[in-house]
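>>> here is the input, now give the coordinates:
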Amino acid sequence: MASYKNKKGDRIRKKYRYQVMTIALIAVLIVGGVRIFYLKKHQDVIPPNEQIESTNPDNQLEGMINNEQSEREEEKEEETIQYVGTNLEGEKYAYDASKIAEKFRNYDDSNDGEKVVFLTFDDGVSTTVTPKILRILDEYNVKATFFVIGETIDEGGERARELIKEEFEKGHAIANHSYNHNYHTLYPGRSLNLSNFKADFKKTDDLLKDILGENFSTRVLRCPGGYMSWNNMEQLDHYLNESNKISIDWNALNKDAEGKKKNAEQLLENVKGTTEGKEMIVLLMHDTYGKEETAKALPE
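Numbers count the residues shown, from 1 in each chain. Below is the predicted model:
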């Protein structure tokens with residue numbers, strides 16, 4: 001009697017286990033089916049790298065290594081780009097300053113019948129006038145060359161440094177116009193002191209690198225007061241040739257730094273008068289403090 005009950009109980013327990021196992025298997029299949037559907041449904045929106053990472057740890061590691069290598073290659077490529085005076089966008093508008101300087105030394109402003117003007121601004125940047133100049137140039141899609149003074153930049157603080165970056169980022173050219181524009185230091189007795197000159201200009205070169213990065217350099221400079229104004233400049237020519245630099249003056253101006261203060265209309269008339277009959281023009285203007293009328297005349 002006892003033996004029969006035990007066998008019957010065994011059959012009941014086995015039957016119960018089969019039912020439990022069957023239910024568990026169905027549950028696994030249902031859950032598995034839902035998971036497969038989720039991956040299938042979303043595989044089109046999961047980035048390729050994430051699909052690989054979710055299925056294969058080895059591929060995940062390989063993907064991470066490839067990404068790091070790509071980033072290093074991009075950084076290396078960026079480091080090799082040398083920005084000489086302007087950025088890559090500005091190069092589309094750039095001319096060889098050495099050729100222009102050579103023409104001017106020979107008093108030649110011809111250009112095969114084609115008129116071209118280089119807008120140049122000295123003594124900046126200023127936090128008052130330079131932003132106006134940049135806004136107008138941007139409005140007319142015109143590029144200019146800014147001959148900057150290091151001391152003026154330092155005195156303008158962070159805002160002045162931001163304006164240097166803006167000039168560069170918008171494709172304008174940036175050239176060196178000394179650090180302190182001090183005639184007595186640069187040209188004592190009206191004669192060039194080359195040692196003082198080199199040290200003064202290097203200070204601005206270093207400042208520009210500090211603002212724009214070590215890959216920036218400028219080979220164009222403008223002597224305070226103009227190259228033609230001083231004695232003993234032959235040694236400067238030798239130094240410029242050795243260092244692959246160019247000094248360039250101007251052959252037209254609006255006279256915003258000469259005599260009494262002029263309004264926008266008078267400045268424009270001076271531009272017309274000094275450019276008449278010339279095909280290639282390097283126009284001298286200023287974007288330093290107090291030159292609001294220059295900005296006002298610029299659109300005309």
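
>>> residue ranges in the chain under the pLDDT threshold?
Scanning the chain for pLDDT under 70 picks out 1-79.

>>> remind me, longest strand of it?
strand 116-124 (DSSP state E).

>>> pull out the buried positions in it.
Under the neighbour-count criterion of 16 or more other CB atoms under 10 Å, strand 116-124 has F118, L119, T120, F121, D122, D123, G124 buried. Glycine gets a C-beta too; all of them are placed from N, C-alpha and C.

>>> make JSON lines from those and add distance to L268 to it.
Converted to JSON lines, the buried residues of strand 116-124 look like this (distance: CB to CB, whole Å):
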{"residue": "F118", "distance to L268": "17"}
{"residue": "L119", "distance to L268": "13"}
{"residue": "T120", "distance to L268": "17"}
{"residue": "F121", "distance to L268": "16"}
{"residue": "D122", "distance to L268": "18"}
{"residue": "D123", "distance to L268": "20"}
{"residue": "G124", "distance to L268": "20"}
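
>>> farthest pair within the residues you listed?
Based on CB to CB, the longest span within these runs between F118 and D123 and measures 16.7 Å.

>>> L134 contacts E162, doesn't it?
No: the criterion here is CB atoms under 8 Å, and L134 misses it with E162 at 11.0 Å.

>>> and the one helix or strand V282 maps to, how far out from the chain middle?
V282 is part of strand 280-286 when elements are defined by DSSP states H and E. Centre-to-centre, strand 280-286 and its host chain are 24 Å apart (CA atoms, centre = their mean, to the nearest Å).

>>> what are the contacting residues of the next helix or strand after that strand?
Using DSSP H and E, the next helix or strand after strand 280-286 towards the C-terminus is helix 292-297. Contact with helix 292-297 is made by 128-129, 132-133, 136, 254, 256, 261-265, 267-268, 271, 285-287, as judged by CB atoms under 8 Å, 6 or more residues apart in numbering.

>>> what's the longest strand of the chain packed up against?
When contacts are defined as 3 or more CB pairs under 8 Å, 6 or more residues apart in numbering; DSSP states H and E, strand 116-124 packs onto helix 130-140, strand 145-148, helix 150-169, strand 280-286.

>>> go with 7 Å
strand 145-148, strand 280-286 (3 or more CB pairs under 7 Å, 6 or more residues apart in numbering; DSSP states H and E).

>>> would TSV of those strands with distance to A175 and mean neighbour count be doable?
Formatted as TSV, those follow (distance: least, CB to CB, whole Å; neighbours: other CB atoms under 10 Å):
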stretch	distance to A175	mean neighbour count
strand 145-148	5	27
strand 280-286	12	21
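
>>> closest to E242 out of the ones you listed?
strand 145-148 (21.7 Å).

>>> what strands line up against the closest one, and which way round?
Using DSSP bridges, strand 145-148 pairs in its sheet with strand 116-124 (parallel), strand 173-176 (parallel).

>>> I164 contacts D154, doesn't it?
No: taking CB atoms under 7 Å as the definition, I164 is not a contact partner of D154, at 11.2 Å.

>>> which one of those two has more residues nearby?
Using other CB atoms under 10 Å, the more surrounded residue of I164 and D154 is I164, with 22 against 15.

>>> how close does the more buried one sit to N87?
Relative to N87, I164 is positioned 12 Å away (CB to CB, to the nearest Å).

>>> among the helices and strands packed on strand 116-124, which comes closest to L240?
strand 145-148 (15.4 Å).

>>> can I get the closest one in CSV, CA atoms only?
Provided in CSV are the C-alpha atoms of strand 145-148 (Å, rounded to 0.1, in the frame of the first residue of the first chain):
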residue,chain,number,x,y,z
THR,A,145,45.4,93.9,-43.6
PHE,A,146,45.8,95.0,-40.0
PHE,A,147,49.3,96.3,-39.0
VAL,A,148,49.0,95.9,-35.2
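
>>> now it, how far from the chain's geometric center?
The chain centroid and the centroid of strand 145-148 are separated by 15 Å under CA atoms, centre = their mean.

>>> just to revisit the earlier point, now, of the contacts of helix 292-297, which are buried?
Burial by neighbour count, judged by 16+ other CB under 10 Å, picks out 129, 132-133, 136, 254, 256, 262, 264, 267-268, 271, 285-287 from those.

>>> make JSON lines out of the strands paired with strand 145-148 and add distance to E91.
Below are the strands paired with strand 145-148 laid out as JSON lines (distance: least, CB to CB, whole Å):
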{"stretch": "strand 116-124", "distance to E91": "15"}
{"stretch": "strand 173-176", "distance to E91": "9"}
